[in-house]
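1. Got a predicted structure plus its sequence, pasted below:
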Amino acid sequence: MAEPAVLAEKIERRFDSVLAVAGVDLSVPEGQIYGFLGPNGAGKSTLVRMLCTLLLPTAGSARVAGYDVASEPQAVRLRIGVALQEAALDDRQTGRELLRLQGRLYGLHTSEIDRRLDDVLQMVDIGDAIDRRVATYSGGMKRRLDVAAALVHNPEVIFLDEPTTGLDPASRVAVWREVRKLNVERGTTIFLTTQYLEEADELADRVGIIADGRIVAEGTPDELKRSIGDDLIVARVEGADRQVAEALREVPGVHHVSVREGEVTLRAPDGAATMTPVAVALNHHQLTVHSLTLRTPTLDDVFLELTGGHIEHLEHVEAEEGQ
Amino acid sequence: MTTARTATRSATEAGDDIHGRETGFLWDLIVVAGRALRQIPRDPESMIPALIVPVFFFTVNLGSLQKVTRQAAGIDLKAFLLPVAIVFAVTGISRASSLVTDIQGGYFDRLCVTPVRRLALLLGLMVADFTLVVALTIPVLIVGFAVGVNFVTGVAGLIVFVLVAALWGLVFTGFPYAIALKTGNPAAVNSSFVLFFPLAFLTTTFVPKQALSGWLSTIATYNPVTYLLAGLRSLTSSGWDGTALFQALVAVAAVGVLSIGLALAALRGRVRRG
């Protein structure tokens, strides 16, 4: 059996007293898109920086493309492509100059770079802008050039650290399309970190959910969603409080009730059958119900189940704390 | 989604047979230096002061001091001041600000995830700096020749003059690089030129050492620029002087050990993975 493209065993990274990554085990087979999902500060980027040889683990070990990140960093660097969290480009070069330089840094000769650029630019559409200075690029184009730069030397494993953060929806979809194409056409292993649930859902073969430096769940998106088991009934209610939650818990068929910011989420094995009793109970409490919906679980629900917080909510809190 | 993938084009046609490969240190050095050299014409603001300031000081000092100095000390001020102008032209010229931009923008990290050797990331910039400072001596020399400076050591002396001055410029870049790598702060890098002021003025910039007063003479004795200027002046004014040139090179080397040592330590700190 082939060695996994990425293999981490109890990998840990400590910054003084802060444990950013706390003993993570990972195994990503060749040719897979692995989505690493978590809010800001969960440890995603720290883990990627260790796997990309930018940081040494303080404990545990990791192998990428068959080489140890701590003791064989050069061998790892030759075989990986990396697009870090911020599009790391040189604004003073043109897109083409930047890609050619990238090829030379990996020891490619001029004719090889020409061939690779033909290929990469078919894969990642930058259009005529390729001969313009990077400073003139939009955020989406910079991101795509960043991804293209990661591909020039034809790496075995590509790390994309939050490749669509800060992009508008159209640019985000364009990056998704290119990531998927790269994986489907080339079979390249892609390790993708993201804080967007739909991104992990859309792209990843398997998803690892990280919170506080630990992987709290791992599986295919469907497996993770099925792990919740129940349907979800979501009611947007004016004046929802603990008393309402207690009352709804008494409704037959309801397994679990949570209340957050005027939204009551109920879990029920048979959502369709439980909708009516829930509506009656809400009416009984004379509450103003803005909406009542039935849906299947999302990765956000999985995250809520595992960590007690919605991923978007955690981001929101962190953003406020940072102000 | 499935993990079974099908290639849609011929691997060779698509360049799939091309992969990154191990390179030698010289390759890395040339690649990094090449990028730095391509950037220079795109950053004219970093070169213009280096072109204007030395020529300005040379002509102003010459105009204001020539008569007084000739009467007082009997020296040819043109030949005496040309090395000062050259040293001003080549000192503090570096790609350190560009390095800070790379650090702040994350491009330095991108370079660090490539197989390029860390030492080449610094030395490649210095190779570009050396090329630039050699080029920066040309306009100053042209002005010097225009006002009548002659090299008593001829063309060979001129070449040695430029090389020694450029070596000085090269070793001085160690300071801004050390600051850039340590702080990643453009303001700190810009202030690194302040280091040059005591070296530039507590020495024989305007008058020979024997004309300096007691305390200044003492400081000048320990100032490496004193020996650098003496070596350069020997080439313009007094002929081949092995001792003066040797002392100039030792002074350059001493500053180089300090500045490049600091830069290498800062580089190690910056790329340390621990």
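-> Received the coordinates, thanks.

2. all strands for the stretch 101-250 of chain A, in order.
-> Ranges of strands in the stretch 101-250 of chain A, per DSSP state E, counting those that start in this stretch, are A:157-161, A:189-194, A:206-211, A:214-219, A:231-237.

3. Distance check, the spatially most central residue of chain A against chain B.
-> When Cα atoms, centre = their mean is applied to chain A, the residue found nearest the centroid is A:T194 (2.2 Å). Distance from A:T194 to chain B, counting by Cβ to the nearest Cβ, to the nearest Å: 16 Å. For glycine as for every other residue, the C-beta is placed from the backbone atoms N, C-alpha and C.

4. so what's that residue up against?
-> Each residue near A:T194 by Cβ atoms under 8 Å, 6 or more residues apart in numbering or on different chains is listed here: A:35-37, A:162-165, A:200.

5. Next: B:L229.
-> Residues near B:L229 by Cβ under 8 Å, 6+ apart: B:83-84, B:87, B:203-205.

6. Tell me which helix or strand comes right after the helix or strand harbouring B:Q104.
-> Per DSSP states H and E, B:Q104 falls inside helix B:96-105. The element immediately downstream of helix B:96-105 (helix or strand, assigned by DSSP H and E) is helix B:107-112.

7. Name all residues that make contact with A:P4.
-> A:27-30, A:63.

8. burial count for the residue nearest to it when sequence neighbours are not counted?
-> Beyond its immediate neighbours in the sequence, the residue positioned closest to A:P4 (Cβ to Cβ, 6 or more residues apart in numbering or on different chains) is A:S27, lying 4.6 Å away. If you count neighbours by other Cβ atoms under 10 Å in any protein chain shown, A:S27 ends up with 16.

9. isn't there a helix covering A:S27?
-> No. Under DSSP: H, G, I helix; E, B strand; the rest coil, A:S27 falls outside any helix and is assigned strand.

10. list the contacts for it?
-> A:S27 neighbours (Cβ under 8 Å, 6+ apart): A:4, A:6-8.

11. ok, so of the contacts of B:L229, who is nearest A:E12?
-> B:V87 (52.1 Å; Cβ to Cβ).

12. Could you list the buried residues of the helix holding B:Q104?
-> Within helix B:96-105, the residues that qualify as buried are B:96-103, B:105, counting by 16 or more other Cβ atoms under 10 Å in any protein chain shown.

13. Out of these, which are close to chain A?
-> B:102, B:105 (Cβ under 8 Å from any Cβ of the partner chain).

14. Pipe the buried residues of helix B:96-105 into CSV and attach pLDDT and distance to B:K182 per row.
-> Converted to CSV, those look like this (pLDDT from 0 to 100; distance: Cβ to Cβ, whole Å):
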residue, pLDDT, distance to B:K182
B:A96, 92, 11
B:S97, 90, 14
B:S98, 91, 16
B:L99, 94, 11
B:V100, 94, 11
B:T101, 92, 16
B:D102, 92, 15
B:I103, 93, 10
B:G105, 88, 18
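
15. Pick out whichever of the buried residues of helix B:96-105 sits closest to A:A59.
-> The closest of these, once distances to A:A59 are taken by Cβ to Cβ, is B:I103, at 28.1 Å.

16. residues contacting the closest one?
-> Each residue near B:I103 by Cβ under 8 Å, 6+ apart is listed here: B:180-181, B:184, B:270.

17. Tell me how far it lies from chain A.
-> 10 Å.

18. ok, back up a step: so which of the contacts of A:P4 is the closest to chain B?
-> A:P29 (6.8 Å; Cβ to the nearest Cβ).

19. Please report the distance of the closest one from A:A217.
-> Using Cβ to Cβ, to the nearest Å, A:P29 is found at 18 Å from A:A217.

20. re earlier: distance-wise, check the residue nearest to the centre of chain A relative to B:P139.
-> Distance, A:T194 to B:P139, by Cβ to Cβ: 54 Å.

21. how about A:D241, what does it touch?
-> By Cβ under 8 Å, 6+ apart, the contact set of A:D241 is A:V259.

22. hmm, I was thinking of B:A89
-> B:50-51, B:53-54, B:133, B:136-137, B:139-140, B:165, B:169.

23. A:V69: how many residues sit nearby?
-> For A:V69, using other Cβ under 10 Å, the count is 27.

24. wait, doesn't it sit right on A:A62?
-> Yes. Counting by Cβ atoms under 8 Å, A:V69 touches A:A62, with 4.7 Å between them.
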